[in-house]
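Engineer: Pasted the sequence and its predicted model underneath.
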Amino acid sequence: MRKYLGALAALTLFCAVGLVIVAGAGAAAQPPKKDQVSGTGVRAPSATGNPTIPFSFSGTSGPHGENPSGTFSFNITGVASFSGHITCLNVSGNRAVIGGVMDTGTGDEAGPGGDFLTVVWDNGKTKAGLSPDRMSYVSWGLTNGGLYPPGGPTAAEACADPTLLAPLDQFTLLSGNINIKDAS
C-alpha cells in the first residue's frame, strides 16, 4: 500500500509540474491582448520649403479596434497645431490608422471638435541615426471637407475601412521612432 501511495504521489507531482510548464509556455507564446501604437519625432515636410512636422502619439485598443484610447499631437509651424484624443485605431501588421477628435487647436481648420486622421508604419529599428518608419499626411478639419481628400471619408469611416483612403504618400522621419504592436 505504501508503494502504491508513494507512486501515486510521485505521479501527481510529475503531472502538476508538467501542467505548470505547459501553462507557462502557452502564456509566453500569447500575442499582446491590445493593439498598441506610440511614436514621437519629426516627420519630413511634404514638399521642399514646407516646414517639418513634430508629432507625438500613444494609443491602445482591443485586437479588433474596440475601446480605442490615447493622445495625439501635431504641429505644422505657421499652418496648424493641435492635440486630441484617439477615437479609432486600426492596426494591421506594421501599419496603423489613427483617428480622433481635436481637444485643442490653432490655425487652419484646427480646433476643438474637429477630426484628425493619419497612417503610420513601423518598419523596424533606427540604424545609424536613420529611422525606417513612415507617416502619411495628417488630415484634420472642423468639417468633413477639411479631411484629405476633401469630401472623402470621415476619420471614423477611414479608420474602420482603410481601403477607403486614396493611395497614401509615405514620408520619412527626420528623427524619432514609431512602435506598433498588433494583437491579432
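Structural biologist: Arrived safely, thanks for sending.

Engineer: tell me which element the residue nearest the centre of the chain is part of?
Structural biologist: Nearest to the geometric centre of the chain sits residue 37, at 3.0 Å (Cα atoms, centre = their mean). Applying DSSP states H and E as the criterion places residue 37 in strand 35-43.

Engineer: Over to residue 156?
Structural biologist: Here residue 156 is covered by helix 155-160, with elements defined by DSSP H and E.

Engineer: and that helix, what other elements does it pack with?
Structural biologist: If contacts are counted by 3 or more Cβ pairs under 8 Å, 6 or more residues apart in numbering; DSSP states H and E, helix 155-160 sits against strand 80-92, strand 95-107, strand 115-121. Bear in mind the C-beta positions are built from the backbone N, C-alpha and C, glycine included.

Engineer: May I see those strands organised as a markdown table, with mean neighbour count, mean pLDDT and distance to residue 153 added?
Structural biologist: Conversion of the helices and strands packed on helix 155-160 to a markdown table gives the following (neighbours: other Cβ atoms under 10 Å; pLDDT from 0 to 100; distance: least, Cβ to Cβ, whole Å):
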| stretch | mean neighbour count | mean pLDDT | distance to residue 153 |
| --- | --- | --- | --- |
| strand 80-92 | 21 | 95 | 12 |
| strand 95-107 | 21 | 94 | 10 |
| strand 115-121 | 24 | 92 | 9 |
